[in-house]
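have a look at this prediction, sequence included:
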Amino acid sequence: MELYSDAYYIERIVAGDTGCFACLLDKYSRPVHSLILKMVRNKEDAEELAQDVFMKVFRNLPSFKVDCSFSTWIYRIAYNTAISELRRKKQEFVAIEESQISNVSEEAVSELLGSVSPTEQLDRLEAALTLLPPDERALILLFYMKEKTVEELTVITSFSASNIKVKLHRIRKKLFVLIKGMEEK
């Protein structure tokens, strides 16, 4: 159970009680590290990037605007930090042709995952997620696992709401193609 709200801690930290930052760190360190780890897929890099994120959060806390939730703001910093690192490293990912994605129906996607046990669904999804580019993987993770709304994703990623909806739709189809390809091997 949460003792105080994020806004309370932020107000105290900005007023000079830097010890309250530990409360925010306790609350957000695991989810931030988890998101970054899923994006960069390297434990050491994820730990370092998570530390960078919290340093940025601490330095920029006075500029935090309450027009979005603190979790959305911190995920934006984590997302941008991880994407910047991945661009610097220039990793390569599986390319899927446009025709493969556009020919996939929503029914086929639902049918594929609905035909196996929940454990097997998660295993297939985890394997397919590792093949996606980090920005697409992050979008799926934030939407489905962190349960961020499309509006929150617009703040985190700087994409428009319609762009996010299209991206989520296309990523789901990509996941279908990837899972289907794994089954055929």
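Cool, got the structure.

so in this protein, which helix runs the longest?
Of all the segments of type helix in the chain, defined by DSSP state H, the longest one is helix 161-184.

send me the helix or strand encompassing L24 as PDB with only the CA atoms.
In the assignment (DSSP states H and E), L24 maps to helix 21-40. Coordinates of each C-alpha in helix 21-40 appear next as PDB, following Å, rounded to 0.1, in the frame of the first residue of the first chain:
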ATOM      1  CA  PHE A  21      13.600  10.400  -3.700                       C
ATOM      2  CA  ALA A  22      14.300   6.900  -2.200                       C
ATOM      3  CA  CYS A  23      10.500   6.400  -2.100                       C
ATOM      4  CA  LEU A  24      10.100   7.100  -5.800                       C
ATOM      5  CA  LEU A  25      13.100   5.000  -6.500                       C
ATOM      6  CA  ASP A  26      11.600   2.100  -4.600                       C
ATOM      7  CA  LYS A  27       8.300   2.400  -6.400                       C
ATOM      8  CA  TYR A  28       9.700   2.800 -10.000                       C
ATOM      9  CA  SER A  29      13.100   1.100 -10.200                       C
ATOM     10  CA  ARG A  30      11.800  -2.400 -11.000                       C
ATOM     11  CA  PRO A  31       9.200  -1.300 -13.700                       C
ATOM     12  CA  VAL A  32      11.800   1.100 -15.300                       C
ATOM     13  CA  HIS A  33      14.500  -1.500 -15.300                       C
ATOM     14  CA  SER A  34      12.100  -4.100 -16.600                       C
ATOM     15  CA  LEU A  35      11.100  -1.900 -19.600                       C
ATOM     16  CA  ILE A  36      14.700  -1.000 -20.400                       C
ATOM     17  CA  LEU A  37      15.800  -4.700 -20.100                       C
ATOM     18  CA  LYS A  38      13.100  -5.800 -22.500                       C
ATOM     19  CA  MET A  39      14.200  -3.100 -24.900                       C
ATOM     20  CA  VAL A  40      18.000  -3.500 -24.800                       C
END
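
who touches the residue nearest in space to the middle of the chain in this structure?
Centrality entry for the chain: nearest residue to the mean C-alpha point is A138, 3.2 Å, by C-alpha atoms, centre = their mean. With C-beta atoms under 8 Å, 6 or more residues apart in numbering as the criterion, the residues that contact A138 are L35, K38, M39, Y79, A82, I83. C-betas here are computed from N, CA, C, even on glycine.

helix, strand, or coil at it?
When the structure is reduced to helix, strand and coil (DSSP: H, G, I helix; E, B strand; the rest coil), A138 reads as helix.

and what of the one 4 residues further on?
What three-state DSSP gives for L142 is helix.

how near is it to A50?
Distance, L142 to A50, using C-beta to C-beta, to the nearest Å: 16 Å.
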